[in-house]
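Enquirer: okay, structure incoming, though there's no sequence with it:
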């Protein structure tokens, strides 16, 4: 209270240093691998060296004889526990430990529990597995060939590698538009398999207390409540005896949404040994076996008039889901939200057809800050618009400006059924062009081209669909995508807010305190955020798909409003007036027309816990909760411009400038929002220029370490130039839209468009990511390669 | 084998296998979990500590090689008078998000400033180029180091004291 008067406290939105930093700066974070419990054992996983092989036998006797080994678990052990297979997040099953076959290189085959982590690794070497190697399917385009090996013969009657067909949009209307269009441009493109690769790998510590039969799992999870419920369903464990704790998470980016075999194995290990068991994967395990992203083979077409009015977009997708269909998608949407591929434009028609196939690669498919495949959708449409600009000889900025949805068209229902909530697209693009000095850049480019230098300018304009989602449409394995929040104001006016979502670096301990503060006027310093512990937080589906602010943030805002509503009644009782006679001046009530008669929220909190007589039906204390079922998704957007120089001798791309204008509605904490954008831009540079997991003909993973899977460093990243516009969401209680994934989604096409623009003198129209020096050089010489295979 | 080393100014001694990596010795044996582990291949740099005053990747040093030597970790950055200006810079410039690469980044940054008190942006980028951050896009790390260069004594009273 005194701090408010002194004007030092942070009330509401605005730049505020992060609360969580105090421990991280001192090396006092609490990551899973930092946890040490008395008697804790260590687990390690034996993985398949083959992409596709039948397991003839497994001999664990030598490993079991190792003096420090406490348990060895195989698929056969798990079959006795009915845990060899668990449900995937997409209505398939996933092998915890292989029983019949291995289906990708790196698949889990056996688990050793030992006294220390080195001994556990030693014992893996002692396990003998006899494999009958089978031909693998590594090329998604050949997965449906009649003679392709059948990967999923565990599914009764399965004779092919087909998973699903899915369509959105009206095909006949779209075909009609294309048939009549003056200009149609088609382009095949691949969004290669990439990996989120958070700096902290995945891991867990499981402890089944043998006395009270309570299982506690500390794990690297972005969705602790969803994990608890799934463990209960899978293992038949009573949910009240399950506690999932997600401590500090060293980056997630979608990699830590799913349940991995290692988590289940740590649990099994603890049950078998009656001791806490820790399992932490190494980097190769992380890159080889946990959720990848993308792997979308797309054929896009765009229809337009000769004057450059875009009429329609259609796309055919071959989706490589790996060996198990384990993408984390809302049930109704097997291709996620890919059907937002109509982008930011006013289109008459659109249609997409997506086929999912199995291959002998790691399962997963939704990860790496993708907002449920919005990343692929934005890449598709933004590359197609640039292809159209090439064909028409149009400036890509002008072409976009001509076709962007106008502010008066919102809310806008797209041809594939999304209802965009709000947007001022031309304003954002113009701002990005102004920051970039677009016309001057084009002049510079012309001069350089005349001298034989390769400079490129790339634009992308993205619209995201985030904050999943309305539970009548969206669930994961039957769990609706609504999130709970509880706010309690203590007698002295300090507060605690309990969240279902879990930060992985986004700064929730700060921003959610600011949300409560924004509504209640309680200084953000006085609001403690509790999250990441299922015993101490309300149910909800967790943090991914940029959903924390749109869903949980809305829940926090509504619960905070309920606090203020109740405080009004209590303040009225204190001031002996009617509630409607009070004026709310964030943080205090005063009687209308009498500013001198007021009660602060802190005074109200104390009174709420005291002897004050409250009106009939009003309970004491000052707390509130909310389960927020979002009425719609939110639609953040942005305009990005990338400037590159390409070395004509080597094909090396240098990202010289990157301008990012983001509109995520009002910004809770501009410092944190900017940080989120910066990180996503680096992701985009990485995916566009260096990140990809390819496979050789034997199914060997060629991106299985940081020596092969390249991640941008400080030298590949430019100094980011950011700007903002603010278009509130009309349906979020505070107008917020979410921003976590915007830059990861929006930046790759800007980089690729810039590189292709730089290569225009060579007549290059397209080359697939990653645009490594080799790929760029080959594109310049007319033969860009497939980047998903080491087979040409 | 018995390994003795000075860690953050204090003598430490413990038994460890000859193959034990320094990062595991620090974390698992000494309980100094501020130093992290992130890859198997000396690429990511979340494990950077000082060995005899120089930054090293502690996943590529055997604990036995540090026997009789001096190690400084993130836990040794904060002094009696409070946070090191590098720590303060990372906080003020939002140079960290998930915090996992942060200890290694700060150890390298401190070394850079000790040897080059006024580094350019390019020099800072070069200094941290052997380390990976997935969250920040590096921009705010560069700003954090510049802040520390410009405030060699920390912010003092002028910008408020950080708890």
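Expert: Nice, thanks for sending it over. Here the structure is a predicted model, which means the values were calculated and not measured.
Enquirer: could you use CA atoms for every contact and neighbour count after this?
Expert: Will do.
Enquirer: for residue B:50, give me its contacts.
Expert: B:56, B:70-73, B:107 (Cα atoms under 8 Å, 6 or more residues apart in numbering or on different chains).
Enquirer: after the helix or strand containing it, which helix or strand is next?
Expert: Applying DSSP states H and E as the criterion places residue B:50 in strand B:48-51. Downstream of strand B:48-51, the first helix or strand assigned by DSSP H and E is strand B:54-57.
Enquirer: pLDDT score assigned to the closest residue to chain B within the stretch 1-150 of chain A?
Expert: For the stretch 1-150 of chain A, the residue closest to chain B is residue A:27, as judged by Cα to the nearest Cα, at 3.7 Å. Listed pLDDT for residue A:27 reads 98.
Enquirer: for my notes, confirm it occurs in a helix.
Expert: No - assessed with DSSP: H, G, I helix; E, B strand; the rest coil, residue A:27 is coil; it does not lie in a helix.
Enquirer: what's the neighbour count on residue 30?
Expert: Picked chain A for this. 17 (other Cα atoms under 10 Å in any protein chain shown).
Enquirer: wrong chain, I was asking about chain B
Expert: Residues lying near residue B:30 (other Cα under 10 Å) number 13.
Enquirer: tell me the residues of the stretch 651-792 of chain A that contact chain B?
Expert: Neighbours of chain B within the stretch 651-792 of chain A, by Cα under 8 Å from any Cα of the partner chain: A:671-672, A:675-676, A:678-683, A:705-707, A:711-715, A:717, A:719-720.
Enquirer: what of the stretch 51-200 of chain A?
Expert: Neighbours of chain B within the stretch 51-200 of chain A, by Cα under 8 Å from any Cα: A:197-200.
Enquirer: circling back to that earlier point, mind giving me the ChimeraX select for the residues of the stretch 651-792 of chain A next to chain B, buried ones only?
Expert: Entered in ChimeraX, the line below selects the buried ones among these, by 16 or more other Cα atoms under 10 Å in any protein chain shown:
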select /A:671,672,675,676,678,679,680,681,682,683,705,706,711,712,713,714,715,717,719,720
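Enquirer: residues contacting the closest residue to residue A:435 other than its chain neighbours?
Expert: The shortest distance from residue A:435 to any residue other than its chain neighbours is 7.2 Å, reached at residue A:659 (Cα to Cα, 6 or more residues apart in numbering or on different chains). Contact analysis of residue A:659 by Cα under 8 Å, 6+ apart lists A:432, A:435-436, A:640-642, A:720-723.
Enquirer: and residue A:156, that's in a strand?
Expert: No - Residue A:156 sits outside any strand when classified using three-state DSSP, being coil.
Enquirer: what are the phi and psi angles of the closest residue to residue A:691 other than its chain neighbours?
Expert: Counting by Cα to Cα, 6+ apart, residue A:710 is the residue found nearest to residue A:691 once chain neighbours are left out, at 5.5 Å. Dihedral pair for residue A:710: phi -90, psi 140, per degrees, to the nearest 10.
Enquirer: how many neighbours does residue A:710 have?
Expert: Neighbours of residue A:710 using other Cα under 10 Å come to 17.
Enquirer: quick check: pLDDT value at it.
Expert: 97.
Enquirer: and the most centrally placed residue in chain B, what element?
Expert: Compute the mean C-alpha point of chain B, and by Cα atoms, centre = their mean the closest residue is residue B:107, 2.4 Å away. Assigned by DSSP H and E, residue B:107 belongs to helix B:102-115.
Enquirer: which parts of the next helix or strand after that helix are buried?
Expert: Per DSSP H and E, helix B:102-115 leads on to helix B:121-127 as the next helix or strand towards the C-terminus. Residues of helix B:121-127 classed as buried by neighbour count (16+ other Cα under 10 Å): B:124-125, B:127.
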